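> Can you look at this prediction? I've put the sequence above it.
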Amino acid sequence: MKKFAFVLALSAIFAGAALAEEPVVMYDGPGGSDYDYDRATLWIDPPDAAGNIGSSEIILEFDLISELANDFILEQDATVELWRWWGGYWNGYEQPVINYFVIRIYEDAGCVPGNMLAELQVDIADVDEVVFEAEPLFEFTYCYSVDFAANLYWFGVQGEHVFPPQFGRLAATGIQACESVFKSAYFAYPDWVPASQVFGENFDASQEMGDACDDPVATEESSWGAIKSLYR
């Protein structure tokens, strides 16, 4: 069934289908205007409202676990307090249904995620969720203060929910540094591969890291090195 699901996913890419009987790997972007931002930030891959949405989710009933990770660069030692990402729903979408997010930070191993530095399970109630452009696109912000040494890192985030619908990360306006990578045994990619190999075109996931949290959600403080893995 996995091979069939992937073939169905490719059909959805070209036909722009919004509904399928089982999960598919990607959804054509719904369209929208350019993202307009004017603020200081440590790193940003600006979202493309007309970009594709790639599966990065946990659907337990299908044993589906997929993850899109994208790199970010800190040119000097910094404290990251704001974590922002953009995503969307498809395949039977009616309303947001995320229960929690799994956030992961990885070291770099040569333009691919290396050792995992942290894994957090974050309840949707602790995430600021607002509509981006128009549903089914959303902007998510989580405030968590962490000290980093200057380096290249990777940020992965998955949404856990029931099916339907599906959830994934929204594409950025272009590729910076390394291309995003994808992993999912369900879709026959058990190890990290370039996202373009999965989606058939260039893909970088949209995200932002800032040194100040400007959203009305609580800020927590910690060190990635002190965080234990919370999700299996």
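Thanks, I have it. Numbers count the residues shown, from 1 in each chain.
> Secondary structure element for the nearest residue to D108 once chain neighbours are set aside, which one?
Distances taken as CB to CB, 6 or more residues apart in numbering put L152 closest to D108, at 4.4 Å, once the chain neighbours are dropped. From N, CA and C alone the C-beta is placed, and that goes for glycine too. Counting by DSSP states H and E, the element that carries L152 is strand 151-160.
> For that strand, name the packing helices and strands.
Contact partners of strand 151-160 among helices and strands, from 3 or more CB pairs under 8 Å, 6 or more residues apart in numbering; DSSP states H and E: strand 57-59, strand 67-74, strand 78-90, strand 100-108, strand 113-123.
> related to what we said a few turns ago, any idea how far D71 is from the residue nearest to D108?
6 Å (CB to CB, to the nearest Å).
> which neighbours do the two share?
By CB atoms under 8 Å, 6 or more residues apart in numbering, L152 and D71 have these common neighbours: D108, A177, C178.
> my guess is the first one meets A177, correct?
To tie it back to what came earlier, the one meant is D108. No. Using CB atoms under 8 Å, D108 is not in contact with A177; the gap is 9.5 Å.
> Mind checking which of those two has more residues around it?
Shown here are D108 and A177; by other CB atoms under 10 Å, D108 has more neighbours (17 against 14).
> The more buried one: what's it in contact with?
D71, G114, N151, L152, Y153, W154, C178.
> let's see 7 Å
D71, G114, N151, L152, Y153, W154 (CB atoms under 7 Å, 6 or more residues apart in numbering).
> L68: neighbour count?
Using other CB under 10 Å, L68 has 31 neighbouring residues.
> Would you mind confirming that the residue nearest to D108 makes contact with N70?
No. Contact criterion CB atoms under 7 Å: L152 and N70 do not qualify, at 11.1 Å.
> Comparing those two, which residue is more hemmed in?
Between L152 and N70, counting by other CB under 10 Å, N70 is the more crowded of the two (28 against 15).
> Look up which residues are beta-bridged to that one.
Beta-bridge partners for N70, by DSSP bridges, are F155.
> Give me the most central residue, the chain.
Nearest to the mean C-alpha position of the chain, by CA atoms, centre = their mean, lies R169 at 4.0 Å.
> which outside residues touch stretch 154-168?
23, 27, 53-59, 61-62, 67-72, 85, 87-93, 97-106, 108, 113, 169, 207.
> Can you find the helix or strand in the protein with the smallest mean pLDDT?
Among the helices and strands of the chain, helix 2-15 carries the lowest confidence by mean pLDDT, DSSP states H and E, at a mean of 35.
> before we move on, back to that, need the contact list for the residue nearest to D108.
Listed by CB under 7 Å, 6+ apart, the contact set of L152 reads D71, I73, D108, A177.
> before we move on, back to that, now the helices and strands packed on strand 151-160 in TSV, with mean pLDDT and distance to D211?
Output for those, formatted as TSV (pLDDT from 0 to 100; distance: least, CB to CB, whole Å):
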stretch	mean pLDDT	distance to D211
strand 57-59	98	29
strand 67-74	98	10
strand 78-90	96	6
strand 100-108	98	16
strand 113-123	97	18
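> and S184, which of those strands is closest to it?
Ranking the helices and strands packed on strand 151-160 by proximity to S184 (CB to CB) places strand 67-74 first, at 6.9 Å.
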